[in-house]
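Peer 1: sharing a model that was predicted from the sequence below.
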Amino acid sequence: MPLEIHPRTRWTELVLNRPPRNVLDREMLTALVAALDELAASAAPLLLIKANGKHFSTGYSIKDIPEEIFHRDPGVRASAPFEQLMDRLTGYPAPIVAVVQGDAYGGAVELLACCDLRVASEGVRLGVPPVRLGLVYSHTGLRRMIRSFGSPMVREMLMTGEAIEARRAFQVGFFSRLVTANDLEETATQLMETLAKGGPSALRGTRRILNLLEETEVLSDEALTEIAELRHKSWSGEEFVKARDAFINKKPSPFMGEE
């Protein structure tokens, strides 16, 4: 079972359950979308997203990065399970808290950026390394990360492809709490209890307004077409093929020798 669902008295927990990596494959993404749809259609409780195992999630498997999320057609991109999940997370009525017990990479960092508050264990690392694979990340994902980390940090993470420590993410406000591994569960529970003191309608209204304020920036059709072309070319180009094969075969970056 890729996803565990645990209803609590004042919130519901969604637990990624494919340790140690909790890869965001189609089965995991589909299970998350279905759970969010069902919860949103019923009581829409507060949500606590967690993960079992060493990593929170390492994102997509490098072997299985799908073309659809790099497609030129926005309709095709929107139909991809990953994009559906990001849409469900941002559109979910009630606040969402994430507990990060282990490293998060790629799409998992965007998943965390869609949550309202994030609690992490010291020593966690976050990385978004598409450039190391010759790929261009989506503008929607970049915008979410810029809002959560700030532009300077996102530029460093995306352009270098290097992971950052939890302490740096906490300093720029990405993590609301940074605690020891032993204190992680208790801290998350206390935060959920605090949120539960708010009026459900007030919390939903506040989340909705905050999301509307953040989502109002609109790019022109011309800019969106250019972005789509850049991303599709990256997925279908030689750089991605070389980098993917090097990663799978545990070889050095194929770009190191290029002038």
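Peer 2: Happy to help now that I have it. Numbers count the residues shown, from 1 in each chain.
Peer 1: does V136 sit in a helix, a strand or a coil?
Peer 2: coil (DSSP: H, G, I helix; E, B strand; the rest coil).
Peer 1: what about it, how many residues close to it?
Peer 2: 21 (other C-beta atoms under 10 Å). C-beta: built from backbone N, CA, C; applies to glycine.
Peer 1: also the one 5 residues further on?
Peer 2: Residues near G141, counting by other C-beta under 10 Å, number 23.
Peer 1: tell me who's in contact with it.
Peer 2: Going by C-beta atoms under 8 Å, 6 or more residues apart in numbering, G141 touches 86, 107, 110, 113.
Peer 1: farthest pair in these?
Peer 2: Greatest spatial distance among the contacts of G141 (C-beta to C-beta): G107 and A113, at 10.2 Å.
Peer 1: which helix or strand contains the residue nearest to L36 when sequence neighbours are not counted?
Peer 2: Once flanking residues are discounted, L36 sits nearest to R88: 4.1 Å by C-beta to C-beta, 6 or more residues apart in numbering. R88 belongs to helix 81-91 when elements are defined using DSSP states H and E.
Peer 1: tell me what that helix is packed against?
Peer 2: The contact analysis (3 or more C-beta pairs under 8 Å, 6 or more residues apart in numbering; DSSP states H and E) places helix 81-91 against helix 26-41, helix 74-79, helix 107-113, helix 139-149, helix 200-215.
Peer 1: if we use 6 Å, what do you get?
Peer 2: Contacts defined by 3 or more C-beta pairs under 6 Å, 6 or more residues apart in numbering; DSSP states H and E place helix 81-91 against helix 26-41.
Peer 1: list of residues touching the helix it packs on?
Peer 2: Applying C-beta atoms under 6 Å, 6 or more residues apart in numbering, the contact partners of helix 26-41 are 2-3, 5, 14, 81-82, 84-85, 88, 92-93.
Peer 1: so which bits of it are buried?
Peer 2: Using 16 or more other C-beta atoms under 10 Å as the test for burial, helix 26-41 gives 28-29, 31-33, 35-36, 39-40.
Peer 1: would you list the contacts of G141 in a markdown table and tack on neighbour count and pLDDT?
Peer 2: Listed next are those as a markdown table, based on neighbours: other C-beta atoms under 10 Å; pLDDT from 0 to 100:
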| residue | neighbour count | pLDDT |
| --- | --- | --- |
| M86 | 23 | 96 |
| G107 | 25 | 96 |
| E110 | 24 | 97 |
| A113 | 25 | 98 |
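Peer 1: what number of residues lie near S42?
Peer 2: Per other C-beta under 10 Å, the neighbour tally for S42 reads 9.
Peer 1: ok, now M159?
Peer 2: 9.
Peer 1: please identify the helix or strand for it.
Peer 2: Counting by DSSP H and E, M159 is part of helix 151-160.
Peer 1: pLDDT on that helix, on average?
Peer 2: Averaged across helix 151-160, pLDDT comes to 97.
Peer 1: how about stretch 185-195?
Peer 2: Averaging pLDDT along stretch 185-195 yields 97.
Peer 1: chain center to that stretch, what's the gap?
Peer 2: The gap between where stretch 185-195 is centred and where its chain is centred comes out at 21 Å by C-alpha atoms, centre = their mean, to the nearest Å.
Peer 1: most centrally placed residue in the chain?
Peer 2: Among the residues of the chain, L111 comes closest to the average C-alpha position under C-alpha atoms, centre = their mean, at 1.9 Å.
Peer 1: against L213, how distant is that one?
Peer 2: With the distance defined as C-beta to C-beta, to the nearest Å, L111 ends up 21 Å from L213.
Peer 1: equivalent analysis for G127, please.
Peer 2: In terms of C-beta to C-beta, G127 sits 28 Å off from L213.
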